[in-house]
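Participant: Based on what follows, work out the 3D shape:
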Amino acid sequence: MSAEAAFADAVLAHLKGDAGVGAALGGRIHALAPGGTAYPFLTLGRGVSEPAGGGGADLIDHRLTLRLYAMRDEGDRLRRAVSAVRTALHNAGLALAPPWRCVLCQVVYTDQFAAADSRIIQALVRVRGMVEG
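Facilitator: Alright, predicted model coming up:
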């Protein structure tokens, strides 16, 4: 398993196990949302990685974007979900599949905006992970 896949899997597992995120999203946390998923929900978005090793360490700096969706009239619920995700992940001790280990997990960016479909609003949460393997 790649470091990127291990990090994404660990983020999803951590969010699924968090009571605050579960309450905000009703358990609708997916790598890729199945068709017909009720709102609000969270899916994985873009991931970008680059080597960050130095001094003999094998580190990968990974940025993973989480995408949250809700109906336009659920703006407060979406904001609560973003807050719950940020709280759950910032400085979280993620458990990655061996041989990988997460040495840093931080939420570095959030945004909320109207989606192209005017009935939907969307939020982004960008998570930075330093993965060692």
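
Participant: ranges for the strands of this protein?
Facilitator: Using DSSP state E, the strands of the chain run over 29-30, 41-51, 59-71, 101-114, 120-132.

Participant: Adding mean pLDDT and distance to R80, write the ones you listed out as TSV.
Facilitator: Bear in mind the C-beta positions are built from the backbone N, C-alpha and C, glycine included. Output for these, formatted as TSV (pLDDT from 0 to 100; distance: least, C-beta to C-beta, whole Å):
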stretch	mean pLDDT	distance to R80
strand 29-30	96	15
strand 41-51	94	13
strand 59-71	95	10
strand 101-114	95	11
strand 120-132	96	11
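
Participant: In TSV, list the ones you listed along with mean neighbour count.
Facilitator: Compiled in TSV, the strands of the chain are given as follows (neighbours: other C-beta atoms under 10 Å):
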stretch	mean neighbour count
strand 29-30	20
strand 41-51	15
strand 59-71	20
strand 101-114	14
strand 120-132	20
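
Participant: want to throw these into TSV with distance to V82?
Facilitator: TSV is the format used below for the strands of the chain (distance: least, C-beta to C-beta, whole Å):
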stretch	distance to V82
strand 29-30	13
strand 41-51	10
strand 59-71	6
strand 101-114	5
strand 120-132	5
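
Participant: can you tell me which of the ones you listed comes nearest to T87?
Facilitator: Evaluated with C-beta to C-beta, the strands of the chain place strand 101-114 nearest to T87, the distance being 8.8 Å.

Participant: how far out from the middle of the chain is that closest one?
Facilitator: Offset of strand 101-114 from its chain centre (C-alpha atoms, centre = their mean, to the nearest Å): 7 Å.

Participant: Mind giving me the packing neighbours of that strand?
Facilitator: Under the contact criterion of 3 or more C-beta pairs under 8 Å, 6 or more residues apart in numbering; DSSP states H and E, strand 101-114 touches helix 75-89, strand 120-132.
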